[in-house]
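Undergrad: Provided below are the primary sequence and the corresponding predicted coordinates.
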Amino acid sequence: MRRRRDGGHGGRTFVLSAGSKSTTMSEGNTMAVRILIPTALRAFTDSESSVEVAGATVGELLSNLTARYIELRPHLFDDKGRLRTFVNVYVNDEDFRSLERESTPIKSDDVVSIVPAIAGGAT
């Protein structure tokens, strides 16, 4: 098993490799999970379509994501720190609101998607 330290924006991250498999862990041994970033928000994540963020719950992931990409925060959260109503978050294919919301636990193989609702249409 090899251990490599990655610099990154948001603190220390380690990549553990055993053969062809690798797992990303934060310094506190919380697994890093891939978050898919929609096109409309990529301007706030250095044009990244996905980022790896550590956290044990959806709330921790979103908090750590917006700590890393500060300009993203007002697009996800209101002035009181609540997730905006038009921002949908999915863990794999399930809406986190039908799970445990911000307290939804995250596993290392989960994929989290941020999907802002789009308004409009024909009148």
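TA: Nice, thanks for sending it over. Numbering: from 1, shown residues only.
Undergrad: next, count neighbours for R97.
TA: Using other CB atoms under 10 Å, R97 has 13 neighbouring residues. In this view, the C-beta of every residue, glycine as well, is placed from N, C-alpha and C.
Undergrad: what sits against it?
TA: Residues counted as contacts of R97 (CB atoms under 8 Å, 6 or more residues apart in numbering) are N88, V89.
Undergrad: name the SS class of it, please.
TA: Taking DSSP: H, G, I helix; E, B strand; the rest coil as the rule, one finds R97 in the helix state.
Undergrad: so it versus A32, what's the distance?
TA: According to CB to CB, to the nearest Å, R97 and A32 sit 24 Å apart.
Undergrad: counting by contacts, list what the helix or strand that contains L61 packs against.
TA: Counting by DSSP states H and E, the secondary-structure element that holds L61 is helix 58-68. Identification of packing neighbours for helix 58-68 by 3 or more CB pairs under 8 Å, 6 or more residues apart in numbering; DSSP states H and E yields strand 32-36, strand 50-54, helix 73-76, strand 87-91.
Undergrad: helices and strands around the third one, which ones?
TA: Just to be clear, that refers to helix 73-76. Of the remaining helices and strands, those touching helix 73-76 by 3+ CB pairs under 8 Å, 6+ apart are helix 58-68.
Undergrad: mind doing that once more with 6 Å?
TA: When contacts are defined as 3 or more CB pairs under 6 Å, 6 or more residues apart in numbering; DSSP states H and E, helix 73-76 sits against none of the other helices and strands.
Undergrad: try the last one
TA: Contact partners of strand 87-91 among helices and strands, from 3+ CB pairs under 6 Å, 6+ apart: strand 111-116.
Undergrad: who does the strand it packs on pair up with?
TA: Listed by DSSP bridges, the sheet partners of strand 111-116 and their directions read strand 32-36 (parallel), strand 87-91 (antiparallel).
Undergrad: find the centremost residue of this structure, please.
TA: Nearest residue to the geometric centre of the chain (CA atoms, centre = their mean): I35, 3.8 Å.
Undergrad: which residues touch it?
TA: Shown here is I35, whose contacts under the criterion CB atoms under 6 Å, 6 or more residues apart in numbering are V51, V53, V112.
Undergrad: next, format the helices and strands packed on helix 58-68 as a markdown table and append distance to T104.
TA: What follows is these, written out as a markdown table (distance: least, CB to CB, whole Å):
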| stretch | distance to T104 |
| --- | --- |
| strand 32-36 | 11 |
| strand 50-54 | 14 |
| helix 73-76 | 16 |
| strand 87-91 | 6 |
